[in-house]
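[1] my questions concern the predicted model and sequence given below.
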Amino acid sequence: MVLTCEISIGKFLFRNVNSVHIEHSRKKVGDTCVITMPRKYESKSLAKEIKEGDKVSVILGYDGRDMKTEFTGFVN
């Protein structure tokens, strides 16, 4: 089985990332998600395009099936 992802940040859609860490907690007001991108996305122009307040959606599944929204939030 291969992990499949669709991660949207603002107007961008990413289908491959190095890692995603989602933390759900009843003790905190909101959930958090840390996304580590591959080096090929490291560019100053992309960093300028993603801004605080942009909507984030993380959809995960296996082999492209059973895709489920695991996180929705905003860039902080």
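    Cool, the structure landed.
[2] need the longest strand for this structure.
    Determined from DSSP state E, the single longest strand within the chain is strand 65-74.
[3] quick one: mean pLDDT for that one?
    Strand 65-74 comes out with an average pLDDT of 94.
[4] what of stretch 19-30?
    Per-residue scores along stretch 19-30 average to 87.
[5] returning to what we had before: direction included, what does the longest strand of the chain pair up with?
    Within its sheet, strand 65-74 is paired with strand 55-62 (antiparallel), according to DSSP bridges.
[6] name the residues of the partner strand that are buried.
    For strand 55-62, a neighbour-count test (16 or more other CB atoms under 10 Å) marks Val56, Val58, Leu60, Gly61 as buried. Any C-beta I mention is one placed from the backbone N, CA and C, and that applies to glycine too.
[7] nearest to Ser45, of those residues?
    Ser45 lies nearest to Val56 out of the buried residues of strand 55-62, by CB to CB, at 19.2 Å.
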